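**Student:** My questions are about this predicted structure, shown below with the sequence.
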Amino acid sequence: ELSSLGRSRGVVLWWATQYPVTDGAAPGVDKMIAPNLLTRFSLRVASSVQALVALDDCADYAPQQIPAGRQYRGHGYLKDYGPR
């Protein structure tokens, strides 16, 4: 409720989670908030399921395949801007 009302009034909400899933015992992104996230950014995630929640229809960028290692720290994908 707050996220949709806030968006209609120009209020910017920042949602950050270390566990991007929408179901289970401890969802990281509530199913009511996920549709209102217009800008999405994802660092490396553990699975394709988490990539789908983090980047929605841009999950094919595959943030779960970003190599682990010091030289890749901070690498991620911004939804709609692809792997560049």
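**Tutor:** That came through fine.
**Student:** Show me the shaky parts of this protein.
**Tutor:** By pLDDT under 70, the low-scoring segments of the chain are 1-4, 7, 84.
**Student:** Grab the most central residue of it for me.
**Tutor:** Ala54 (2.4 Å; Cα atoms, centre = their mean).
**Student:** mind listing what it touches?
**Tutor:** Ala54 makes contact with 20, 40, 42, 45, 63, according to Cβ atoms under 8 Å, 6 or more residues apart in numbering. To be clear about C-beta, it is placed using only N, CA and C from the backbone, and glycine gets the same treatment.
**Student:** which one is the last one nearest to, not counting chain neighbours?
**Tutor:** Which is Pro63. Ser42 (4.4 Å; Cβ to Cβ, 6 or more residues apart in numbering).
**Student:** I'd say Gly76 and Pro63 touch.
**Tutor:** Yes. Assessed by Cβ atoms under 8 Å, Gly76 is found in contact with Pro63 at 6.3 Å.
**Student:** Need the overlap of contacts for those two.
**Tutor:** Common neighbours of Gly76 and Pro63 (Cβ under 8 Å, 6+ apart) are 42-44.
**Student:** Let me see the ranges of the helices in this structure.
**Tutor:** 2-8, 48-55 (DSSP state H).
**Student:** Could you give the separation of the longest one from the chain centroid?
**Tutor:** Spelled out, that is helix 48-55. Distance, stretch centre to chain centre, for helix 48-55: 7 Å (Cα atoms, centre = their mean, to the nearest Å).
**Student:** Give the buried residues for it.
**Tutor:** Buried residues in helix 48-55, counted by 16 or more other Cβ atoms under 10 Å: 50-55.
**Student:** With stretch 15-23 instead?
**Tutor:** So, applying 16+ other Cβ under 10 Å, buried residues of stretch 15-23: 20-21.
**Student:** likewise stretch 29-38?
**Tutor:** 29, 33-34, 36-37.
**Student:** got the end-to-end distance for it?
**Tutor:** One end of stretch 29-38 sits 14 Å from the other (Cα to Cα, to the nearest Å).
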